[in-house]
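K.L.:
Provided below are the primary sequence and the corresponding predicted coordinates.
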Amino acid sequence: MSENVAVIGVGHSKFGSRKDVNIPELAWESIKPALDSANIEQKDIDFFVVGNAGVWSSEAAIPALMAEYADLAPKGSMRVEAACATGNAAIRVGYQAIKSGEADVVLVLGIEKMQESPNPTVIELIGRFGSYFWEFENFGLTFPGYYALHGTAYMMKYGATEEDYARVAVKNHYYGAKNPYAQFQKEVTIEKVMEPKYVAWPFKLFDCSPITDGSACVILASEEFAKDVEDKIWIHSQGVGTGTANLSRRSDFTSLESARYAAELAYKRAGIDMDAPYKYLDGANVHDCFTAPEIIAYEDLRFAKRGEGVQLIRDEQTYIGGRIPVNVDGGLKAKGHPIGATGVSQAVEAYKQLLSKAEPGRQAEIKHGRWLAHNVGGTGHYSYVTIYGLEKLKK
Amino acid sequence: MDEKLENHIEQYGFPIVPDEKSGALQWIDMRELRVKFIISVEKIKPFFEGLKEGKLLATKCKKCGRLFFPPQKDCPSCRTDEMDWVELSKEGQLETLTVLFVRPPSFANYDPYTVAIAKLDDGPRITAWLKGDPTKARPGMKVRVEVSKRKEGYYMYELVPVE
Ligand SMILES: [Zn+2]
């Protein structure tokens, strides 16, 4: 048993259109730096988990492919899937394996090669991440469509505008431009975000995260194993929630119940005051697969009261120096959203931020030593909230 | 097989094509997979029979009275499958909507369509296409469920603004 679990090494590939590498080559781009920074050998790894949603890419037995390419055989492995929260689901498996005493060192890889399929095929496949029969087969809801149902509900209830949503894209591109691993390293203006045609009203091109190839890797270790490691952070807590498949079975479209539930669990376990959690955090990564859900996440995570999340972005309170910096790696919006890698990429960002290793211009001030990651699969179908800390959790 | 690929096979000796943007060589998979799923509707057959008669049917637990839409065979509260089929009122209020401009290829033969969620007066919510001008639609607006036929010739249901 290990009461505490540490992140002792991280790796991150360049996200984007990675036509220059195949799946195992792309995985190795993050596995290698993770092994290097943890200063461990493959033989030290007791178990490895691969987060990969797949379906759009050719290979199905990804852990075995990794075992072969990265010399991980015959260690135990597992592939996990939780739609866009796949990466955090993989972290959960590794975290629990160590907490339970089943393993001392676990490698967690998140990888997705979405561009192995043409865009129309990917649109077709992602549309199925809800209730296939009642929503997709019959009414052709797309992934932007599911979140647009929330985006419009939020606008009409709280008076947010399409320009407000554009502000989220502007912020995330501003920081993405400073992240050498991001898919888009270009700033955008509100005018530029407002320009293109609608994808799913009220979302236009720049309101949507892109279709991305990428990998991210973290090495998790028990307290005993981590004690001599210099650069490390700790997992303070993780909350997980699940929503209904059909959006019509939800009672509210301005919030994700599964995310609120996951956040409450995570805050409670980490000893964070639910009335003002931002006072305990130095920053957060939230699941901005589209612009509106970032604002909804502010509220689900209680960075702002219900209906007041939009004011945070208007007042630039989620930039560095504001109430709480959010997605200062570019977020899914500018960094890219390789579904299986996203949650693991958030853990890499928590490690970099807390250890003050982020690139110039996007390093938050570390005062409280805590970073939050919010990772949603589907439209609140699965929600993970993970809190990372520079110091071990004080009981 | 497309002509470009055929030319490349001849040229390279393999189904290898440079990526249009980056120039990186890509192997084009020759094993095309087409999927079409076969989904059982045996236990919710009355829903489809009802729709043909213009009725919107839900299941209702005989024991606790819980209503289920989309209809489901089992009540998880009572762990029973003793359900009644009941007709829902087709009136309700719009809760949210979106207009899908970028459609999945399998919906390419449709013009941009509006998908909406409405809360029916009987309680359950329903997701369906919304008829009419979406720019005039607002949450809280009264709508009714109308049974219609798709282009492909089979029945579906839509939301229609009242008035
Ligand atoms: Zn019952």
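P.N.:
That came through fine.
K.L.:
buried set for the longest strand along chain B?
P.N.:
Longest strand in chain B, counting residues (DSSP state E): strand B:91-100. Applying a neighbour-count criterion of 16 or more other Cβ atoms under 10 Å in any protein chain shown, one finds B:92, B:94-100 buried in strand B:91-100. All C-beta atoms are positioned from the backbone trio N, CA, C, and that covers glycine.
K.L.:
Run through the residues that contact residue A:267.
P.N.:
Shown in contact with residue A:267 (Cβ atoms under 8 Å, 6 or more residues apart in numbering or on different chains): A:237, A:239, A:273-274, A:277, A:302, A:387.
K.L.:
And residue A:200, its phi and psi?
P.N.:
phi -140, psi 110 (degrees, to the nearest 10).
K.L.:
Around it, count how many other residues there are.
P.N.:
28 (other Cβ atoms under 10 Å in any protein chain shown).
K.L.:
For chain B, which segments are assigned as helices?
P.N.:
Using DSSP state H, the helices assigned to chain B run over residues B:3-12, B:45-52.
K.L.:
separation between residue A:342 and residue A:15?
P.N.:
9 Å (Cβ to Cβ, to the nearest Å).
K.L.:
More neighbours: which of the two?
P.N.:
A count of neighbours by other Cβ under 10 Å puts residue A:342 above the other of residue A:342 and residue A:15, at 34 against 30.
K.L.:
ok, so what distance separates the more buried one from residue A:102?
P.N.:
Residue A:342 is 26 Å from residue A:102, by Cβ to Cβ.
K.L.:
Equivalent analysis for residue B:57, please.
P.N.:
49 Å.
K.L.:
And the residue nearest the centre of the chain?
P.N.:
With no chain named, the answer covers chain A. residue A:343 (3.5 Å; Cα atoms, centre = their mean).
K.L.:
actually chain B
P.N.:
Mean-position check on chain B, Cα atoms, centre = their mean. Result residue B:128 at 7.3 Å.
K.L.:
my read: that residue touches residue B:157, true?
P.N.:
Yes. Using Cβ atoms under 8 Å, residue B:128 makes contact with residue B:157 at a distance of 5.4 Å.
K.L.:
which residues do these two both contact?
P.N.:
Common neighbours of residue B:128 and residue B:157 are listed as residue B:145 (criterion: Cβ under 8 Å, 6+ apart).
K.L.:
Quick one: low-confidence residue ranges for chain B.
P.N.:
Chain B contains residues with pLDDT under 70 at B:1.
K.L.:
So which residues on it come close to the ion?
P.N.:
Chain B comes close to the ion at residues B:61, B:63-64, B:66, B:75, B:77-78, as judged by Cβ under 5 Å from the ion.
K.L.:
could those residues go into TSV alongside neighbour count and distance to residue B:15?
P.N.:
Conversion of the residues of chain B next to the ion to TSV gives the following (neighbours: other Cβ atoms under 10 Å in any protein chain shown; distance: Cβ to Cβ, whole Å):
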residue	neighbour count	distance to residue B:15
B:61	20	56
B:63	12	60
B:64	10	59
B:66	15	55
B:75	20	53
B:77	11	55
B:78	15	57
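K.L.:
now, which of these lie within strands?
P.N.:
residue B:61.
K.L.:
Any idea what the closest residue to the residue nearest to the centre of chain B other than its chain neighbours is bridged to?
P.N.:
Residue nearest to residue B:128 in three dimensions, not counting chain neighbours: residue B:159, with 5.0 Å by Cβ to Cβ, 6 or more residues apart in numbering or on different chains. Beta-bridge partners for residue B:159, by DSSP bridges, are residue B:130, residue B:145.
K.L.:
returning to what we had before: the longest strand of chain B pairs with which strands?
P.N.:
strand A:198-201 (antiparallel), strand B:113-120 (antiparallel), strand B:142-149 (antiparallel).
K.L.:
looking at those, which is closest to residue A:214?
P.N.:
With Cβ to Cβ as the criterion, residue A:214 lies closest to strand A:198-201 of the strands paired with strand B:91-100, at 21.7 Å.
K.L.:
Residue A:364 versus residue B:44, what's the distance?
P.N.:
Distance of residue B:44 to residue A:364, computed by Cβ to Cβ: 51 Å.
K.L.:
which of these two has more neighbours?
P.N.:
Of the pair residue B:44 and residue A:364, residue A:364 is the one with more neighbours under other Cβ under 10 Å, namely 21 against 18.
K.L.:
Now do the same contact list for the residue nearest to the centre of chain B.
P.N.:
With Cβ under 8 Å, 6+ apart, residue B:128 has these contacts: A:138-139, B:115-116, B:118, B:145, B:156-159.
K.L.:
can you rerun that using 6 Å?
P.N.:
B:157-159 (Cβ atoms under 6 Å, 6 or more residues apart in numbering or on different chains).
K.L.:
Centre of the chain to stretch B:70-82, how far?
P.N.:
The chain centre lies 23 Å from the centre of stretch B:70-82; the measure is Cα atoms, centre = their mean, to the nearest Å.
K.L.:
Only the buried residues of it, if you could.
P.N.:
Those would be B:70-72, B:75, for stretch B:70-82 by 16+ other Cβ under 10 Å.
K.L.:
Pull up the distance across stretch A:249-264, start to finish.
P.N.:
End-to-end distance of stretch A:249-264: 22 Å, with Cα to Cα, to the nearest Å as the criterion.
K.L.:
near chain B, anything from it?
P.N.:
Yes. Stretch A:249-264 reaches chain B (Cβ under 6 Å from any Cβ of the partner chain) through residue A:253.
K.L.:
how far out from the middle of the chain is that stretch?
P.N.:
Here stretch A:249-264 is found 17 Å from its chain centre; the criterion is Cα atoms, centre = their mean.
K.L.:
Go through that stretch and flag the buried ones.
P.N.:
By neighbour count on 16+ other Cβ under 10 Å, the buried set for stretch A:249-264 is A:249-250, A:253-264.
K.L.:
pLDDT averaged over that stretch - what is it?
P.N.:
The average pLDDT within stretch A:249-264 is 97.
K.L.:
Show me what that stretch is in contact with.
P.N.:
A:149-150, A:153-154, A:157, A:239-243, A:300-301, A:380, A:383, A:385, B:96.
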